[in-house]
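K.L.:
just need the structure, nothing else, for what follows:
(one chain, ligands or ions: 1)
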Amino acid sequence: MARNSGRRARHDYLNDPTAAVYGGAGLLPGDGGGSVTGYLLNRAKPHLPPWLAVGATGLAGALGNWRWGDSSAAGVGLTLASVALTGATWWAGKSTSQQRRLHSAITVAAGSAWLTAACLAGPAAGPLDDLFLMGGPVVALSWNVRMVLRRNDDPSGESADKGLMEKIGLARAQLGNPKVEPNRVTAPVALAAGEQTNDDMAKALGNIASALDLPTSAVRYHPDPDSNRRGDLVIVPEDMLADVVEWEGPSNLGGSIAEPLVIGRYDDGAPLLLWLPGDPEQGRNSTHVLTAGMSGSGKGDAALNLLTEVLSRRDVIVWFSDPKAFQDFAPLREGLDWGVEGGTGTEVMVAAVQQAIPARTRWLGEHGYRQWVPAAAQQQTSPEHSCRPDGRPCGCAGMPFLVTWFEEAANTLRNLGDDAFTGIAQEARSAGISLIVSLQRPSYDQMSTSTRASLPSVIALGCDPRDEGFCLPDEVLAAGAHPGAWGNRRPGYCYVVSPGIPEDRYPSPGRTRRFTHRAVPVMELLATWAQRNGATADPVTAGAASAVAGTAYTGRTPTSTAAAAGAGSVPQLHVVHGEGDDMQQHSVHVDPEDTGIDPEADLPEVEQGDDAPIFGQETGRKPSPEEARELFARALAEFEENGQMIVGPKDFMDWCDRHHLSRPWVSARLKEAALDGRLEATNTTGRWRIVPALTAA
Ligand SMILES: Nc1ncnc2c1ncn2[C@@H]1O[C@H](COP(=O)(O)OP(=O)(O)OP(=O)(O)O)[C@@H](O)[C@H]1O
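P.N.:
Alright, predicted model coming up:
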């Protein structure tokens, strides 16, 4: 029953959205009696008291005259009582509106004056009877009229908003003329000066939602930046996001990454947009994005919305790390410039980003760009953007925007450390690089405050209510955003906070598009498109990546396998897909591993061929120090060839056993190699990054 009445109230809001603001319940027709007379009596009842009061005054006048008609002392007493009563009415009306106070005081003054005169002189003396017959109904009617007007919705009336504002404990706040749009009511709020603040209003949003029988997310407050007691109350009664919308394809295939990325829609149907690169004209720098949401909140699909948009743009490359072995992203993997599956691969990718930042910033500076803009991705044919000292066009290859994406990044960030990450995040923005980070559990035990602060944009999906403060800025929560209310019950619902989006949009919920199996072939086509027509890494970025990752960097440069194969790489992709999803996922990441298998097979041969004596002594003699060092150097080369660019003593365990060498010996050699410049220390103790000696394929 309760639910039904709630629904009825909600329908009233839809038919008359102002009812949502002014308290729909008061407008519902009262329950009439069974008959017409009963109904009329019921309707007339609230209007009777003023008439009864007039009658009672007349009767009191007659009775008073009978009792005190000849008493002059009673005359004095009655006059004083009449003045005192009028004064008391005026005083009691202090907390009500001016209009009501005046009306009450005049009524009491007129009534008590007539009563005093009637008591002393008699109710029919002189003009008193006429005054009673004319004045009584006028006074009673004036109260009836007042009540009728109060019942009608007076959109500008201050008394009407009292209903709602009183209910939420802000009785003296006023609502102004509401702006009514389909499914959205916006009413200006003026809080009581010196008594209430915008914070009080923000805190009362839950109560407003409760008073109107709406979900918390349907009620928002946009404080006026110029006043601490004014703002707009926004009510969106119907949840327009309830319908699931499936992803059908990218919004702007072949457009620039500087154009907005469409990742879903807002609750009023407007597109949910995001910008990664900055815009110098608006004084906006590029941004980094945190995708936060609890398991089942739709993080995977949110990421697919964003990644498909990015890959469909002509001037961007993507480096992507996914410890979940590309479970969600397999169909798009071919479109990536570089993809790794977590662990060491991610460590190397992070090191490559660190290397790429100064190289890219330098290149942008040399070509006269203060930050990345789409023109930087074109061949540099303008004298304005020439790196030649003589100012003639340099013709350098353009530099595409770089998106570096870290799925399930908690461990990576922890290993990297706050200072390192904060440094990367700050500097990456002027290098035309955006970092995108997703967290399985959005909370402070997963990511430190300073790391969180380095990610200015967030796609906040449903989360645990306790984690809301981690996901969204306080102002956005205060304005009514509540991702904690969704949990994982509303997959795809999100709030997006990012530069470029008008701030009053931040507390508006949106929803991403859903990806089903029907999206897979389209994503595969998109990846093929990106592979053939998308940007390839410029020499500066590719050089920085190769310098760190060696052969582990598989960028889609013109010399890479995919590009060298040209169209040949595409049929290969289709053939693999034809063998089923498992095969597809497997084959997509088998390629790099294949390149790793041969060198491993070669290892014994190399040992046998080049160093037969040592190999022959595996079961017996320990290699001489010189031989052992040679073996060690060769082992490092093997790791490099296999693309394993980060190593530590534990990677040498089998190798030590084979060669009768101890782990402390290996540790000492690793340190030595670091001094020689063959290795570089990482942030993790006992882990070293190989400085490539080979050039990338
Ligand atoms: N925008 C959306 N509209 C409707 N359903 C969605 C939307 N996004 C995701 N879903 C559905 O919600 C469910 C959970 O989504 P998903 O697997 O992406 O969540 P997740 O947050 O990535 O979870 P996990 O972290 O456990 O992988 C899936 O069934 C998915 O189809």
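K.L.:
which bits of the stretch 201-350 of the chain sit near the ligand?
P.N.:
244, 293, 295-301 (C-beta under 6 Å from any ligand atom). Placement of C-beta: from N, CA and C, glycine included.
K.L.:
kindly recompute the last result at 8 Å.
P.N.:
Proximity of the stretch 201-350 of the chain to the ligand, by C-beta under 8 Å from any ligand atom, involves residues 244-245, 264, 293-303, 305, 324, 328.
K.L.:
mind listing what's buried in the helix or strand where Arg362 lies?
P.N.:
Assigned by DSSP states H and E, Arg362 belongs to helix 344-366. Of all the residues in helix 344-366, those buried under the rule 16 or more other C-beta atoms under 10 Å are 344-357, 359-361, 363-364, 366.
K.L.:
list the contacts of Asp467.
P.N.:
292, 294, 441-443, 484 (C-beta atoms under 8 Å, 6 or more residues apart in numbering).
K.L.:
repeat that with 7 Å
P.N.:
Counting by C-beta atoms under 7 Å, 6 or more residues apart in numbering, Asp467 touches 442-443.
K.L.:
do you know the pLDDT at it?
P.N.:
The model reports Asp467 with a pLDDT of 90.
K.L.:
and it, which of the three is it?
P.N.:
Secondary structure, DSSP: H, G, I helix; E, B strand; the rest coil: Asp467 is helix.
K.L.:
swap in Arg689?
P.N.:
strand.
K.L.:
next, count neighbours for it.
P.N.:
Neighbour count of Arg689, defined by other C-beta atoms under 10 Å: 19.
K.L.:
for it, which non-adjacent residue is spatially closest?
P.N.:
Leaving out its chain neighbours, the residue that sits closest to Arg689 by C-beta to C-beta, 6 or more residues apart in numbering is Glu680, at 4.7 Å.
K.L.:
for the ligand, see how far away the one you found is.
P.N.:
According to C-beta to the nearest ligand atom, to the nearest Å, Glu680 and the ligand sit 34 Å apart.
K.L.:
in what helix or strand does that residue lie?
P.N.:
strand 679-681.
K.L.:
how about Asn411?
P.N.:
Going by DSSP H and E, Asn411 is part of helix 410-416.
K.L.:
strands along the stretch 401-550 of the chain, start to end?
P.N.:
Remark: strands assigned in the stretch 401-550 of the chain by DSSP state E, counting those that start in this stretch are 401-406, 433-439, 457-461, 493-497, 510-512.
K.L.:
mind checking which of those is nearest the ligand?
P.N.:
Nearest to the ligand, of all these, is strand 510-512, at 4.1 Å by C-beta to the nearest ligand atom.
K.L.:
can you name every helix or strand that that closest one contacts?
P.N.:
strand 261-266, helix 299-311, strand 493-497 (3 or more C-beta pairs under 7 Å, 6 or more residues apart in numbering; DSSP states H and E).
K.L.:
quick check, that strand touching the ligand?
P.N.:
Yes - using C-beta under 8 Å from any ligand atom, strand 510-512 reaches the ligand at 511-512.
K.L.:
would a markdown table of the strands of the stretch 401-550 of the chain with mean pLDDT and mean neighbour count be doable?
P.N.:
Below are the strands of the stretch 401-550 of the chain laid out as a markdown table (pLDDT from 0 to 100; neighbours: other C-beta atoms under 10 Å):
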| stretch | mean pLDDT | mean neighbour count |
| --- | --- | --- |
| strand 401-406 | 96 | 26 |
| strand 433-439 | 93 | 25 |
| strand 457-461 | 96 | 27 |
| strand 493-497 | 97 | 26 |
| strand 510-512 | 96 | 25 |
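K.L.:
could those be laid out in a markdown table, adding distance to Leu40?
P.N.:
As requested, the strands of the stretch 401-550 of the chain are exported to a markdown table (distance: least, C-beta to C-beta, whole Å):
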| stretch | distance to Leu40 |
| --- | --- |
| strand 401-406 | 71 |
| strand 433-439 | 65 |
| strand 457-461 | 56 |
| strand 493-497 | 50 |
| strand 510-512 | 50 |
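K.L.:
for the helix holding Asn411, C-alpha coordinates in CSV please.
P.N.:
Extracted in CSV, the C-alpha atoms of helix 410-416 (Å, rounded to 0.1, in the frame of the first residue of the first chain):
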residue,chain,number,x,y,z
ALA,A,410,46.7,-0.8,-6.7
ASN,A,411,49.9,-3.0,-6.6
THR,A,412,51.6,-1.1,-9.3
LEU,A,413,51.0,2.2,-7.5
ARG,A,414,52.1,0.8,-4.2
ASN,A,415,55.4,-0.5,-5.7
LEU,A,416,56.0,2.7,-7.5
